[in-house]
Every structure is written in C-alpha cells, then in structure tokens.
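[1] What follows is a predicted structure for the sequence shown.
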Amino acid sequence: MPLFEPPEPIDLRRTLSAVGVKDVHEGSAWWAVETASGPATVAIHRTNGAIEATGWGSGSDEALARIPRLLGFDDEPAAFVPGALREFHLRGLGLRLGSTAAVFDRLLPAILAQMVTSAEALSSYRRLRAGFGSPAPGPRDDLLIPPSAEVIASLQYEDLHPFGIERKRATIVLEAARRAKRLDEILTMERSDAYARLTAVRGIGPWTAAVVMGEAWGDRDAVPVGDYHLPSMVTWVMLGEREGTDEEMLELLEPYRPYRRRAVVLLKQSGLRAPRRGPKMPVRKHL
C-alpha cells in the first residue's frame with residue numbers, strides 16, 4: 001500500500017476529472033485501467049495529507065507507479081499567470097495537471113465525442129464499456145475496465161452500430177484500435193512527433209489529438225481546436241462576446257503559453273457557457 005507525499009494544495013476531484021477519471025468521492029477515487037502488464041484497479045485516498053493507493057490486478061504495479069504522473073506531482077501551477085482568469089485560478093488552486101499514460105483509454109472516448117453531442121458520446125461510451133469492457137479486479141463488482149484496443153480491433157463496423165456509433169466514427173475507432181501499439185509509442189516521443197503520430201491516423205485531427213495529448217501524454221499547452229463551446233467560452237470571459245472563433249480563442253490564449261491547457265481546464269471546470277442567441281446543435285466542428 002504505497003504512500004505518496006503530494007505537493008499542496010491538491011484537489012482530487014479537479015485533478016482526476018481533467019484526465020477523465022470521474023469516480024471520485026470525498027477525498028477518495030477509483031481508477032480502472034488496462035496497462036501493458038494487464039488490467040488494474042487503483043483506490044486512491046487522502047490520508048493525513050498523504051496519498052494512499054491500493055492496487056489490484058496483474059497491472060497494479062504499473063498503475064501504482066503512475067500515481068505521481070496521474071496526479072500531476074511535477075506540475076507547476078505557480079508558473080501559470082492567470083491574467084483575466086484570476087478568479088477561475090483562485091477557485092481551482094488544488095488543480096494539478098497530470099496524465100494517465102494510457103493512450104487508447106483516452107482516445108476511444110475522444111473519437112466517440114466527434115461530431116455528436118456530449119450526451120450522445122457519453123451514452124455510446126458507457127454502453128460500449130458495458131458491452132465490451134471487463135470486470136475490474138478488486139473489491140468492487142460494479143467497476144469495469146474500459147474496452148481494450150485488442151478487443152475493439154477484433155470487431156467490425158456492424159458490431160459498433162448498435163451502440164449509436166455510425167460508420168464514420170466506427171471506422172476511426174477500429175483503425176485507432178488496430179494501430180494502438182504504434183500510438184502507444186507517443187508516450188516516449190517529443191511533443192511534435194507525438195502529435196504527428198496521432199494525426200497520421202485518418203480521422204484523428206487537431207481536436208482529438210489535443211484531448212489525448214493533454215490527458216494521456218501530459219501536454220500542458222494542449223488546446224482542443226474545433227471544440228464547439230470553448231471558443232465562445234473564451235471570448236465571453238475575456239471580451240464579453242457571445243460567439244467566438246478558433247482564431248479568436250487562440251489569440252486570447254496566446255499569453256498563457258506554454259500553460260494553455262490549464263486555462264482551458266479552468267474554464268471547462270467552471271461550468272460557464274456563453275449565452276446562446278438561439279438553439280444550435282452542439283457538435284464538434286473538426287476531428
């Protein structure tokens with residue numbers, strides 16, 4: 001049962017939700033992940049200022065070794081100059097930007113979020129996990145390991161259609177799964193090479209690549225260009241304008257380089273949305 005001494009402050013909910021780990025409750029969290037060594041479940045608890053982690057499964061040693069990375073122990077929030085985001089930064093002082101080192105784990109939900117509403121993407125992902133995931137090792141019988149690349153790669157388009165995944169996204173999912181080992185190699189690559197490797201897969205564009213690079217690789221400057229809500233969120237906060245473009249967003253975020261991902265996460269975690277002029281379909285504009 002390893003004990004880790006985290007930098008302070010650290011907010012488990014904010015930190016883990018930024019890398020896609022949602023099972024967080026009152027200072028404790030559960031992470032189910034497929035590693036190169038096999039499946040693993042990790043229970044994470046705050047104990048007198050320390051982080052206590054317990055692992056189960058053949059991949060538990062590997063997963064436990066990732067805890068400092070997952071929780072962003074090497075992040076430097078003090079290096080972020082908040083500017084117009086000062087209020088959001090003060091609210092999120094416990095946010096540390098970590099990464100999972102689990103590429104397909106973060107790539108699958110990102111692909112499913114292309115071109116559909118967030119609710120549709122989440123529904124497809126949950127159903128896919130229930131259909132093709134596996135029971136997580138450990139004491140919880142309600143926890144599932146997300147579908148592995150090997151399992152997804154063995155499927156055909158017709159197998160994904162019942163989960164609300166049309167042919168275009170299904171083709172991208174299957175191609176990514178079949179190239180998963182090559183994509184795992186981004187974890188040892190320089191930033192530009194990692195982006196190039198990801199976007200070499202047809203259907204993985206700037207938005208998807210930025211999500212994966214932020215959550216799995218640990219790019220603290222990742223900006224998901226093509227997000228439906230984010231440009232308008234940025235222009236609303238910084239300029240009071242309801243509708244923004246990617247170009248305007250990038251210009252406004254430029255002063256936060258090389259920590260633009262913190263600005264993006266702070267805004268997303270605020271729950272703020274620019275007022276709408278009228279009903280629009282909330283879809284991703286790009287891949």
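    Happy to help now that I have it.
[2] which ones are touching E185?
    Going by C-beta atoms under 8 Å, 6 or more residues apart in numbering, E185 touches R197. Yep, even glycine has a C-beta here, placed from its N, CA and C like the rest.
[3] Can you classify it as helix, strand or coil?
    E185 falls in the helix class when you classify it by DSSP: H, G, I helix; E, B strand; the rest coil.
[4] With A53 instead?
    With three-state DSSP as the basis, A53 sits in strand.
[5] next one: V201
    For V201, the assignment made with three-state DSSP gives coil.
[6] any idea of the pLDDT on it?
    At V201, the model reports a pLDDT of 97.
[7] tally of neighbours for it?
    Counted with other C-beta atoms under 10 Å, the neighbours of V201 add up to 19.
[8] From P7, how far off is P258?
    Using C-beta to C-beta, to the nearest Å, P258 is found at 19 Å from P7.
[9] I152 now?
    Applying C-beta to C-beta to I152 and P7 gives a distance of 36 Å.
[10] Please identify which of these two sits among more neighbours.
    I152 (22 against 15).
[11] If we ignore the residues flanking it in sequence, what's nearest the more buried one?
    A177 (3.8 Å; C-beta to C-beta, 6 or more residues apart in numbering).
[12] and the helix or strand hosting that neighbour, how far from the chain's centre?
    Using DSSP states H and E, A177 maps to helix 167-178. Offset of helix 167-178 from its chain centre (C-alpha atoms, centre = their mean, to the nearest Å): 19 Å.
[13] what mean pLDDT does that helix have?
    Averaged across helix 167-178, the pLDDT comes to 98.
[14] Next: stretch 36-48.
    94.
[15] Stretch 65-85 too?
    Average pLDDT, stretch 65-85: 96.
[16] List the buried residues in that stretch.
    Within stretch 65-85, the residues scored as buried using 16 or more other C-beta atoms under 10 Å are R66, I67, P68, L70, L71, G72, F73, D75, P77, F80, P82, L85.
[17] quick one: contacts for the last one?
    For L85, the contacting residues are V237, Y256, A263, L266, L267, taking C-beta under 8 Å, 6+ apart as the criterion.
[18] Would you mind measuring the gap between the ends of stretch 213-232?
    Distance between the two ends of stretch 213-232: 22 Å, counting by C-alpha to C-alpha, to the nearest Å.
[19] pretty sure R69 contacts G98?
    Yes: applying C-beta atoms under 8 Å as the test, R69 and G98 come out as touching, 5.9 Å apart.
[20] Common neighbours of these two, please.
    The contact lists of R69 and G98 share G218, where a contact means C-beta under 8 Å, 6+ apart.
[21] Extract the C-alpha set from the helix or strand harbouring L252 and format it as PDB.
    Counting by DSSP H and E, the element that carries L252 is helix 246-253. Extracted in PDB, the C-alpha atoms of helix 246-253 (Å, rounded to 0.1, in the frame of the first residue of the first chain):
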ATOM      1  CA  ASP A 246     -10.900  29.200 -33.000                       C
ATOM      2  CA  GLU A 247      -8.700  32.000 -34.300                       C
ATOM      3  CA  GLU A 248     -10.000  34.500 -31.700                       C
ATOM      4  CA  MET A 249      -9.600  31.800 -29.000                       C
ATOM      5  CA  LEU A 250      -6.000  31.100 -29.900                       C
ATOM      6  CA  GLU A 251      -5.200  34.800 -29.900                       C
ATOM      7  CA  LEU A 252      -6.700  35.300 -26.500                       C
ATOM      8  CA  LEU A 253      -5.000  32.200 -25.000                       C
END
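[22] from the chain's centre, how far out does it sit?
    On C-alpha atoms, centre = their mean, the centre of helix 246-253 falls 21 Å from the chain's centre.
[23] Which residues belonging to the very next helix or strand once past that helix are considered buried?
    Downstream of helix 246-253, the next assigned helix or strand under DSSP H and E is helix 260-270. For helix 260-270, a neighbour-count test (16+ other C-beta under 10 Å) marks R260, R261, R262, A263, V264, V265, L266, L267, K268, Q269 as buried.
[24] quick one, helix 260-270 and helix 246-253 angle?
    Relative orientation of helix 260-270 versus helix 246-253 (axes from the mean of the first three to the mean of the last three C-alpha atoms, to 10 degrees): 110 degrees.
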